[in-house]
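Trainee: this one's structure only:
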């Protein structure tokens, strides 16, 4: 069974997406999120949802962060997917005793929550639990209740 079928089965099994929904794919530019974007694009017409993407530049890796953003912009342009790009200041907003990873995650979810509310959309994120694409899990964030 293909990754596309697994994603489709997961969406259907958990009733994650309804016809007419807007789904925003969290797109880092890494292999997992790019794989998820391609697969959601392929099934968006079939399941009747609008697909957008959201990229958050955490500005933590200098030119590498900018290269990720540039790549994501060209990918979405090529696939004709509307893209929302946000730039966040992780290190400048760190709380005392807070790790960079924690702060980046907080800022990321604040952006997802704001965008989700603004567009009335669901956010899809890919999480890889291993080394193979077969372990990509689809997560859907519905509304703001799940973000606390």
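Mentor: Good, I have the coordinates. Only a predicted model underlies this, so the values are computations on that prediction, with no experimental measurement involved. Residues are numbered from 1 along each chain as shown.
Trainee: and the residue positioned nearest the centre of the chain, what are its bridge partners?
Mentor: Centroid-nearest residue in the chain: residue 26, 1.0 Å away (criterion: Cα atoms, centre = their mean). When assigned by DSSP bridges, residue 26 has beta-bridge partners residue 54.
Trainee: ok, now how distant is it from residue 103?
Mentor: 17 Å (Cβ to Cβ, to the nearest Å). Just so you know, the C-beta spots here come from the backbone N, C-alpha and C atoms, and that holds for glycine as well.
Trainee: Quick check on residue 27: phi, psi?
Mentor: Geometry field for residue 27 lists phi and psi as phi -120, psi 100, criterion degrees, to the nearest 10.
Trainee: Same check on the one 3 residues further on?
Mentor: When read as degrees, to the nearest 10, the backbone of residue 30 gives phi -80, psi 170.
Trainee: ok, residue 68 - how many residues close by?
Mentor: Residue 68: 19 surrounding residues under other Cβ atoms under 10 Å.
Trainee: now the closest residue to it other than its chain neighbours, what's its secondary structure?
Mentor: Leaving aside its sequence neighbours, residue 68 sits nearest to residue 29 (Cβ to Cβ, 6 or more residues apart in numbering; 3.9 Å). Following DSSP: H, G, I helix; E, B strand; the rest coil, the label given to residue 29 is coil.
Trainee: Is residue 29 in contact with residue 65, as I believe?
Mentor: No: judged on Cβ atoms under 8 Å, residue 29 makes no contact with residue 65 at a distance of 9.4 Å.
Trainee: between those two, who's got more neighbours?
Mentor: Neighbour totals were compared for residue 29 and residue 65, and residue 29 leads with 19 against 16 (other Cβ under 10 Å).
Trainee: Is the residue lying farthest from the centre of the chain part of a helix or strand, or is it coil?
Mentor: Distance from the centre of the chain peaks at residue 96, with 28.1 Å (Cα atoms, centre = their mean). Following three-state DSSP, residue 96 is assigned to coil.
Trainee: Now do the host helix or strand of residue 73: distance to the chain's middle.
Mentor: According to DSSP states H and E, residue 73 maps onto helix 63-79. Relative to its chain's centre, helix 63-79 lies at 14 Å (Cα atoms, centre = their mean, to the nearest Å).
Trainee: Many thanks, have a good one.
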